[in-house]
Structure formats: C-alpha cells, structure tokens
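Undergrad: Predicted model follows, preceded by the sequence.
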Amino acid sequence: DQQVKQNSPSLSVQEGRISILNCDYTNSMFDYFLWYKKYPAEGPTFLISISSIKDKNEDGRFTVFLNKSAKHLSLHIVPSQPGDSAVYFCAASVAGGATNKLIFGTGTLLAVQP
Amino acid sequence: ETGVTQSPTHLIKTRGQQVTLRCSSQSGHNTVSWYQQALGQGPQFIFQYYREEENGRGNFPPRFSGLQFPNYSSELNVNALELDDSALYLCASSLNYGYTFGSGTRLTVV
C-alpha cells in the first residue's frame, strides 16, 4: 500500500522555466510534508517542508503547495537551473507521532536542460 | 560540525551471510533512523532508535536488528541475507525534528 505517490517517474524542463513536481498521499493522518533532493552516490538532502496548517511555503526558488482536500502537494522550482537535476522525493509524516518516521514516494527524476 | 557518516560505502555479501552497517550521527543528534532504498523505490523506514532504545519499527523481519550506542552512533545488522536485501541503506539522525541523511551503504547480495 503506497501511502505517498509520485506518479511521474521523470520530468524534463528547459533552463529558466518552471519545474512542477507532484505528490499525492492517501493517509489523512499525515500532517507534515517534506521534499528531499538526491544526487547519485549521496544521501537525500532536505529541501523544503510544509505543515498541514499551511497551504504554501516558499524558500527562494522553491515553493511547496499543499491541497489537503485533494491530498496533493506540489513543488515548484522557478527558475529551474541545470544544477537542480536530481531525483526529488516527497515524504510525509505524522508530526508528534512516536517515531515521526518518514513515508517516501518513489521519486521523480528531474532533468533541467541547458 | 560533522554530518552523518556511514561505513562502508559499498559491500558485497553472499546469500545467508550476516552484515553490520555503521552510522555516526550528526553532533548533538540523539535519534537515529535507518531506511532501505531498493532500486527505483523511495527509502523505506526500517526502525528508529532514541537514546539507545528502539522506539519504532517498519515492516521488516526480525533478522533486521539494530543498536544505538551512548555516543548516539548506530549499527544495523542483517542476518541470513537474501538477494532482495540488495539495496542502499540510509542512516538519518535527528534532534527533535528534521533529518540529516548519510550518503548510504550500497549492499549487494549475491
């Protein structure tokens, strides 16, 4: 049972354009969401997060939007840069739970073309 | 301040053998979690340790076990290795909330 889904395995975008990565979840208990970026041979690096009490969080070129009624979140990167090329994982958690373990999606490979 | 360090980086083992993976937490982090990332999948939660006690476990069999030491470093042990155990094993440390991941150990079981 995949509780966090990233239905696009890959995405290709031109440099300078917007990249939109999508994520859906099924567990309504999730109340904290994170995006991680992963380069080959490295561990996931935290990018941005959002609590369920918000619908938007922005940090520089990165913005995460949360639509709780649709159980959907998205990561917008604008403008996209070649260095953004990586695998992006969406993760969800129950904040304040016993373990605050992260449930990850399967990832989206973003390729930003120069 | 050092990040999370994992060793070894790569490992090849034979089916049926046992393996120990090691993780040094980020300074000051008292919680460590282990994740398994199979090819083409996202990381899956194995278990978490807080102050040397296991305080959460994912859907992994008992042959996956762990330890956390007083300095908050950690080990992941896997007994009776199976081919499907081949994966990237990630350690993540945290304090309160916010995980820092290591680069992982790539385990290949042949």
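TA: Right, received. Where do you want to start?
Undergrad: and B:Gln44, how many neighbours?
TA: Neighbourhood size, B:Gln44 [other C-beta atoms under 10 Å in any protein chain shown]: 19. No exception for glycine: its C-beta is placed from N, CA and C like everyone else's.
Undergrad: May I have the beta-bridge partners of it?
TA: Residues found in beta-bridge contact with B:Gln44 (criterion: DSSP bridges) are B:Gln36.
Undergrad: quick one, what contacts it?
TA: A:Phe104, B:Tyr35, B:Gln36, B:Gln37, B:Ala38, B:Gly58, B:Asn59 (C-beta atoms under 8 Å, 6 or more residues apart in numbering or on different chains).
Undergrad: And for A:Arg61?
TA: In this structure, A:Arg61 makes contact with A:Ile77, A:Val78, A:Pro79, A:Gln81, judged by C-beta under 8 Å, 6+ apart.
Undergrad: My guess is B:Phe60 contacts B:Ile46. True?
TA: Yes: in this structure B:Phe60 lies within contact range of B:Ile46 using C-beta atoms under 8 Å: 5.1 Å.
Undergrad: May I see the PyMOL selection of the buried members of the contacts of A:Arg61?
TA: In PyMOL, this line selects whichever of these come out buried by 16 or more other C-beta atoms under 10 Å in any protein chain shown:
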select buried, chain A and resi 77
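Undergrad: Widest-spaced pair of the contacts of A:Arg61?
TA: Of all pairs drawn from those, the widest gap by C-beta to C-beta lies between A:Val78 and A:Gln81 and measures 10.0 Å.
Undergrad: Which ones, among the contacts of A:Arg61, also lie beside chain B?
TA: Applying C-beta under 8 Å from any C-beta of the partner chain, the subset of those adjacent to chain B is empty.
Undergrad: Out of the contacts of A:Arg61, the closest to chain B would be?
TA: A:Ile77 (19.2 Å; C-beta to the nearest C-beta).
Undergrad: Report the separation between the closest residue to A:Gly105 other than its chain neighbours and A:Lys71.
TA: Counting by C-beta to C-beta, 6 or more residues apart in numbering or on different chains, A:Gly105 lies nearest to A:Gln6, which is 3.8 Å off, once chain neighbours are set aside. Using C-beta to C-beta, to the nearest Å, A:Gln6 is found at 13 Å from A:Lys71.
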